[in-house]
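Novice: 3D, please:
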Amino acid sequence: MRPFSQTDACSVQSDSDHHFFHTNVFLRHASGASGEAGEHIDRILTQAAAAKRRVWVSSLLFAELKPSMFVPGRFSAVQDLARYIRSLATLVTPDPNTMLRVARLRDAKWRRAGDVRGDDEKPRVMSLSDAVQIASALWVKEAGGVADLKFLMFDDWSSKEGRQGAPLSLLRLQDYAHDARADSDVMAAVRLTRVQPYRQAPPISQTASAGQESSALS
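Specialist: Numbers count the residues shown, from 1 in each chain. Next up is the predicted model:
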C-alpha cells in the first residue's frame, strides 16, 4: 500500500472514523458498480451504522438521484436508496459562505507546472458538483473541527490528466496548484485528504517467503 500525505493523495485504506463521501461513491456502490472496492465501502458504512461513526455526504446527492437514470442493484428503487442515505449519513447543505467558496474554487485556474505541461495546455476548471462537495467537506473539517476528515471518492480522471481538455482530477489537485500557492481556498482543497476506496489485495500465499507482504491495489 503506497504511503500518502495530504498533498499526495492516492488510493489507500482509510481507518479514520470520519469520512465525507463524494456522491459518485454512493451512486456507484448502490448500483453494484464499485467493483473490488465494494468491500472497503461496505466496511465503512457498516462501522458507521454499528459503531455510530460519522459519515457525511452533500445534500447535492439527492439531485443526482434521477429516477430515469437509476439502475437497480443493492436497492430496488431510488426511494429505498434515499431512505438508506438519510438513515446513515449526515447531510451537508451549503450555507451562503460555503457557496461563495464554491464560486472561488470554480474561478480558480488549475494548471500544472511549466516543466510538465504542454505548450498549448489550458488551465483546468473545477466542476460545480465537485466544487460544492469539496467546499462542503472543508466546512465539516474546519467549522466542525474534524481534522482527520477523509474525502472518499472514485477518481476517473487521474489516469487521463495529461489529455488535452480532460476534466480536473480531484485526486491530483496538488499537481494543478502550481500558480495558486497564495490562494487560500485552493490550498485548503489541496490539503484536504482525498482517497479512493481501495481494492482488496489477494491473500498472501502460505508458500510466500518470510517477510513478503501483500499490497493494496490502486
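Novice: which residues does H22 contact?
Specialist: Taking CB atoms under 8 Å, 6 or more residues apart in numbering as the criterion, H22 is in contact with Q133, F151, L152, M153, F154, L170. All C-beta atoms are positioned from the backbone trio N, CA, C, and that covers glycine.
Novice: low-confidence regions, this protein specifically.
Specialist: 1-16, 33, 51-52, 118-119, 157-166, 199-218 (pLDDT under 70).
Novice: strands of that one, residue ranges please.
Specialist: Along the chain, counting by DSSP state E, strands occupy 19-21, 55-58, 90-92, 150-152, 193-195.
Novice: how about D183: what's its closest non-neighbour residue?
Specialist: In this structure, D183 finds its nearest non-sequential neighbour in A108, 6.0 Å apart by CB to CB, 6 or more residues apart in numbering.
Novice: now the one you found: how far from S136?
Specialist: Going from A108 to S136 by CB to CB, to the nearest Å gives 17 Å.
Novice: for D115, which of the strands of the chain is the nearest?
Specialist: Minimum separation from D115 across the strands of the chain (CB to CB) falls at strand 193-195, 24.0 Å.
Novice: in the closest one, what counts as buried?
Specialist: Within strand 193-195, the residues that qualify as buried are T193, R194, V195, counting by 16 or more other CB atoms under 10 Å.
Novice: ok, A108 and S136, which is more surrounded?
Specialist: Shown here are A108 and S136; by other CB atoms under 10 Å, S136 has more neighbours (26 against 22).
Novice: go through the protein and flag its longest helix.
Specialist: If you go by DSSP state H, the chain has its longest helix at helix 128-142.
Novice: tell me what that helix is packed against?
Specialist: Under the contact definition 3 or more CB pairs under 8 Å, 6 or more residues apart in numbering; DSSP states H and E, helix 128-142 sits against strand 19-21, strand 55-58, strand 90-92, helix 96-107, strand 150-152, helix 184-191.
Novice: change it to 10 Å
Specialist: strand 19-21, helix 23-30, strand 55-58, strand 90-92, helix 96-107, strand 150-152, helix 184-191, strand 193-195 (3 or more CB pairs under 10 Å, 6 or more residues apart in numbering; DSSP states H and E).
Novice: thinking again about what came up before, quick one, what contacts the residue nearest to D183?
Specialist: Contact partners of A108, counting by CB atoms under 10 Å, 6 or more residues apart in numbering, are 123-126, 131, 168, 176-177, 179-180, 183, 185-186, 189.
Novice: farthest pair in these?
Specialist: Maximum pairwise distance in those, criterion CB to CB, is 18.0 Å, between A131 and D179.
Novice: comparing the two, which shows the higher neighbour count?
Specialist: For A131 versus D179, the count of surrounding residues by other CB under 10 Å is larger for A131: 24 against 16.
Novice: now the residue lying closest to V71 once chain neighbours are set aside. Its backbone dihedrals?
Specialist: Excluding the flanking residues, the one nearest V71 by CB to CB, 6+ apart is S31, at 4.4 Å. As for S31, its main-chain torsions (degrees, to the nearest 10) stand at phi -90, psi 0.
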